[in-house]
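Undergrad: I'd like to go over a predicted model; first the sequence, then the structure.
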Amino acid sequence: MSAVSAILFAYILLSPWSKIIVFVIPMPAILYAILYVVYSIYMDRQRTDNINHSAHLWGALYGVVATILVEPRALGVFLQQLASPMLGN
């Protein structure tokens, strides 16, 4: 699952305002990323299940860092897109 997190967060870095559907709820990818990180940190601290939530967080971080290393302009494009939201795409 951490590899899936890496791919998902690389996608979010490249297209933060794209729509992601979680169950049946559409939301901007950047909002999903924030909720995912908050939930993963919370659940990692709870330690009430047998899921390694920190691995998912590291996978997400790896996806972002690897994308920036391969294409350094991605960070600037991400920041530029955040500054001018295009919701509904």
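TA: Cool, the structure landed.

Undergrad: contacts, neighbours, all on C-alpha from now
TA: OK.

Undergrad: where exactly do the helices run in this structure?
TA: Using DSSP state H, the helices assigned to the chain run over residues 2-14, 29-46, 53-70, 73-83.

Undergrad: now those as JSON lines including mean neighbour count and distance to Phe23?
TA: Shown next, in JSON lines, are the helices of the chain (neighbours: other C-alpha atoms under 10 Å; distance: least, C-alpha to C-alpha, whole Å):
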{"stretch": "helix 2-14", "mean neighbour count": "20", "distance to Phe23": "16"}
{"stretch": "helix 29-46", "mean neighbour count": "15", "distance to Phe23": "12"}
{"stretch": "helix 53-70", "mean neighbour count": "18", "distance to Phe23": "19"}
{"stretch": "helix 73-83", "mean neighbour count": "14", "distance to Phe23": "25"}
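
Undergrad: With distance to Ile21 and mean pLDDT as extra columns, can I get these in a markdown table?
TA: A markdown table is the format used below for the helices of the chain (distance: least, C-alpha to C-alpha, whole Å; pLDDT from 0 to 100):
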| stretch | distance to Ile21 | mean pLDDT |
| --- | --- | --- |
| helix 2-14 | 13 | 94 |
| helix 29-46 | 9 | 94 |
| helix 53-70 | 18 | 95 |
| helix 73-83 | 19 | 94 |
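
Undergrad: nearest to Val22, of these?
TA: Val22 lies closest to helix 29-46 among the helices of the chain, at 8.3 Å (C-alpha to C-alpha).

Undergrad: any idea of the angle that closest one forms with helix 2-14?
TA: Counting by axes from the mean of the first three to the mean of the last three C-alpha atoms, to 10 degrees, helix 29-46 lies at 140 degrees to helix 2-14.

Undergrad: Including distance to Ile20, could the helices of the chain go into TSV?
TA: Formatted as TSV, the helices of the chain follow (distance: least, C-alpha to C-alpha, whole Å):
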stretch	distance to Ile20
helix 2-14	10
helix 29-46	5
helix 53-70	16
helix 73-83	16
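
Undergrad: How about His56, nearest residue that isn't a chain neighbour?
TA: Nearest residue to His56 in three dimensions, chain neighbours excluded: Ser2, at 4.5 Å (C-alpha to C-alpha, 6 or more residues apart in numbering).

Undergrad: Appreciated, that's everything.
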